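Participant: Fold the following, please.
(one chain, ligands or ions: 1)
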Amino acid sequence: MENTKILIADDDKKTRDFVAAFLSYKGYQVFQASDGQDALEKIEINDVNLVITDLMMPRVNGIEFIKKLKAMRPEIVTIAYSAFANSEMTANLLKAGAFFYLEKPFNLEELETHVRRGLEHHSLQNQSFRSKPCIKNRTLLNNIIGESDKMLALFELIEKVASSDSTVLLQGESGTGKELVARAIHDLSNRRQKNFVPVNCAAIPDELLESELFGHVKGSFTGAIATRIGRFEMADKGTLFLDEIGDMKPSLQVKLLRVLQNRELEPVGSTTTKKVDVRIIAATNQNLEKMVATKEFREDLYYRISVIPIILPPLRERQGDIPLLISSFLERFSNSKYQKVRGIDSSALNLLRNYDWPGNVRELENLIERMVILKGSGTISANDLPEKYRGRKATTPQESITLPDNGFCLNSAVEEFENQLILQALEKTSGNKKEAAILLNLKRTTLIEKLKKKKLSIPGSSMTI
Ligand SMILES: Nc1ncnc2c1ncn2[C@@H]1O[C@H](COP(=O)(O)OP(=O)(O)OP(=O)(O)O)[C@@H](O)[C@H]1O
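Facilitator: Coordinates of the predicted model:
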C-alpha cells in the first residue's frame, strides 16, 4: 500500500485535503491536483496508480479529464465523484473508462473499499492480458482463493466457460463467492474491455426493477423526469450480472425471457426496440429447480439462464482451504503500517477449521478484518476469537416467538423484525454501513439497497463529506 500512489483531483481544497488525509492515514502515497489539467501534468511526473476525481472542475472537467487520461494511460484506475449524476451520466463515465462512480456525500471507508477493488481489478486485468491464468494454482486471477479439489475444478470450469458467450447460472449459499466468480468470467472473456454491470434483483424495489434493467422514456411513470438508459444497455458488448435472480417477480421474468430470446429490448414507455449484445451471468442462493416445481420461477426462463450451471461449494465442504484463505486475508488486512498481525496460532486455526461457516467466505473475511483491527499486532490466538467461534452457541436476536391465538400478519412481522435489526446494527456502528453490513453478514451494497427500499433513516452519522 505504501507504494500505491493515488492522485486526488478536485478544485475544492477542503474536500481534497480531507480525502488526502484519510488515504494517507490508510498508508497510501497521496498527491493532489486542483483541476483536470493540473492532474494530467502531475500524473506524468509522479507515476500514479489510481486517480480519484471530482466531475465539476474548471479548465478540464471530470469526464474530459477521464477521456484524456484513458487515452494517455489506460492502465490507471479512475474513481469519480460528484454531488449529482443521473444514470445517463454514470453510463457515460463508465464508457469513458471510469472504474466506479460515487455520489456525494460519500463515506470515506466506502471510498477506500472501491480504491482497493479498483487496484485488485487493475492487477487482475494486467494479469489476464499478460498471460493465461495458471490453473492447478492456488488462486485464480489473484483473487479467488482455494486449493481444494472442488476449487481447482471450479477454476478449470471458469476458464473454459469464459471464452464462450453462453449464459451462466451460479448457484451457492450467500458469501461463497458468486459475484467474484462472475467478475472472473468477465475478466477472462473477450468482453473484458467493456462493462461488467451488476444488478441485485432482490435489493431493487419490484416497481423500479424493470426500468432499472431496460431503461425508460421521460414521462413514462410518475418520477420519470428524464429518459434513462437501463443496465442492459450499460452492459452492451459486456456482461450483465443478475444477482439474486430467484427474487424477480413473474411478470418481469416474462419480459427478461423475451429480451434473452430476441436480444432486443423496449425501454419502459417506449414503442421502439433497441438491439443489445450482452452476456448474462445470473446467480442465486435459492433452489431454482424447486421454485420451478412450485411455479414460483418460470421453467422456460430457468432453462434459458442455466445453459452452464456452476455450483459454488460452501466453505464447510472445503475446510482445507481455510488456512490459505486466512493467510491471504491476514496479508491483505495487515498490509498497512498501522496494522501488522503476523499470523494465527494452531489452537485458533483448529477452532476456525471446525466451525461451520454459515456466512461462508464473507464471514471468514470479515472476521479476519475485525481481528486485525482489534488485535493490531502479534498472533491471533483462540482467546482473541469471538465466543461463537470458540464453540459456544451463537446468540440469536430472539430464541423463540409465540404465535398469538388470533394469528398475525407474517409478512409485516418479518419486515418489522428485519427493520429493527438493521437499525440496531446501524446504531451499534454509529451509522457506519460497512460495519453494520458485517454485523448482519450482508454485502454492504445489499444493506444500502435495503435502506433505500425500506426508506429507513440512519441513526447517528458516519464519516461523510
Ligand atoms: N474463494 C474466495 N477467495 C477469496 N475471497 C472470496 C472467495 N469467495 C468469496 N470471497 C470473498 O467473500 C465475499 C463474498 O463474496 P461474493 O460477494 O462474491 O459472494 P456471493 O456468493 O455473491 O454472496 P451473496 O449471495 O450474499 O451475494 C467477498 O468479499 C469476496 O471477495
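Participant: Now do the helices in the stretch 251-400 of the chain.
Facilitator: Counting by DSSP state H, counting those that start in this stretch, the stretch 251-400 of the chain has helices at residues 288-293, 299-305, 322-333, 346-354, 360-375.
Participant: Show me what counts as buried in the last one.
Facilitator: Looking back up the chat, that one is helix 360-375. By neighbour count, with 16 or more other CB atoms under 10 Å as the criterion, the buried positions of helix 360-375 are 360-369, 371-372, 375. Yep, even glycine has a C-beta here, placed from its N, CA and C like the rest.
Participant: How many neighbouring residues does the closest residue to the ligand within the stretch 151-300 of the chain have?
Facilitator: Ranked by CB to the nearest ligand atom, the top residue of the stretch 151-300 of the chain for proximity to the ligand is G177, at 2.7 Å. When neighbours are counted by other CB atoms under 10 Å, G177 registers 23.
Participant: Next: D321.
Facilitator: Applying other CB under 10 Å, we find 21 other residues in the vicinity of D321.
Participant: still on that earlier bit, between the helices of the stretch 251-400 of the chain, which gets nearest to the ligand?
Facilitator: Comparison of the helices of the stretch 251-400 of the chain against the ligand by CB to the nearest ligand atom identifies helix 360-375 as nearest, at 3.4 Å.
Participant: by contact count, what packs against that closest one?
Facilitator: In terms of contact count using 3 or more CB pairs under 8 Å, 6 or more residues apart in numbering; DSSP states H and E, helix 360-375 is assigned the packing partners helix 322-333, strand 340-344, helix 433-440.
Participant: Out of the ones you listed, flag the one nearest K455.
Facilitator: Nearest of those to K455, taken as CB to CB: helix 433-440 at 15.3 Å.
Participant: Please enumerate residues in contact with that closest one?
Facilitator: Residues outside helix 433-440 that contact it (CB atoms under 8 Å, 6 or more residues apart in numbering) are 107, 109-110, 113, 366, 369-370, 421-422, 425-426, 428-429, 443-444, 446-448, 451, 458, 462.
Participant: what do you get for stretch 294-311?
Facilitator: 154, 157-158, 161, 164, 166-172, 181, 242, 245-246, 250, 253-254, 256-257, 260-261, 280, 282, 288-289, 291-292.
Participant: Please flag which of those sit within strands.
Facilitator: If you go by DSSP state E, those have 168-171, 242, 280, 282 in strands.
Participant: For the residues you listed, which two are the farthest from each other?
Facilitator: Checked with CB to CB, the ones in strands among the contacts of stretch 294-311 reach their widest spread between Q171 and I280, with 14.7 Å between them.
Participant: where in the stretch 301-450 of the chain is pLDDT low?
Facilitator: 335-339, 392-401, 404 (pLDDT under 70).
Participant: Next to the ligand, which bits of it? Give me the list.
Facilitator: On the criterion CB under 6 Å from any ligand atom, the ligand has as its neighbours in the stretch 301-450 of the chain the residues 361-362, 365, 443.
Participant: swap the cut-off to 5 Å and go again
Facilitator: Taking CB under 5 Å from any ligand atom, the part of the stretch 301-450 of the chain that reaches the ligand is made up of 361-362, 365.
Participant: Could you pull out the strands in the stretch 51-200 of the chain for me?
Facilitator: 77-82, 100-103, 139-140, 144-145, 168-171, 196-200 (DSSP state E, counting those that start in this stretch).
Participant: mind putting those in CSV, mean neighbour count, mean pLDDT and distance to A382 included?
Facilitator: Listed next are the strands of the stretch 51-200 of the chain as CSV, based on neighbours: other CB atoms under 10 Å; pLDDT from 0 to 100; distance: least, CB to CB, whole Å:
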stretch, mean neighbour count, mean pLDDT, distance to A382
strand 77-82, 23, 88, 39
strand 100-103, 17, 81, 39
strand 139-140, 20, 60, 28
strand 144-145, 20, 90, 23
strand 168-171, 23, 96, 34
strand 196-200, 21, 92, 37
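Participant: possible to save those as a markdown table with distance to the ligand?
Facilitator: Formatted as a markdown table, the entries for those read as follows, by distance: least, CB to the nearest ligand atom, whole Å:
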| stretch | distance to the ligand |
| --- | --- |
| strand 77-82 | 17 |
| strand 100-103 | 16 |
| strand 139-140 | 7 |
| strand 144-145 | 4 |
| strand 168-171 | 8 |
| strand 196-200 | 8 |
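Participant: Make CSV out of those and add distance to E331.
Facilitator: As requested, the strands of the stretch 51-200 of the chain are arranged in CSV below (distance: least, CB to CB, whole Å):
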stretch, distance to E331
strand 77-82, 21
strand 100-103, 24
strand 139-140, 12
strand 144-145, 11
strand 168-171, 27
strand 196-200, 26
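Participant: Can I have the buried ones of the contacts of helix 433-440 as a ChimeraX selection?
Facilitator: With 16+ other CB under 10 Å as the criterion, this ChimeraX line picks the buried residues out of the contacts of helix 433-440:
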select :107,109,110,366,369,422,425,426,429,443,444,446,447,448,451,458,462
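Participant: Which members of the contacts of helix 433-440 are positioned in helices?
Facilitator: Secondary structure defined by DSSP state H assigns 109-110, 113, 366, 369-370, 421-422, 425-426, 428, 444, 446-448, 451 of the contacts of helix 433-440 to helices.
Participant: what packs against the helix or strand encompassing E233?
Facilitator: Element membership for E233 (DSSP states H and E) is helix 231-234. Using 3+ CB pairs under 8 Å, 6+ apart as the contact criterion, the neighbours of helix 231-234 among helices and strands are helix 87-96, strand 196-200, helix 206-214.
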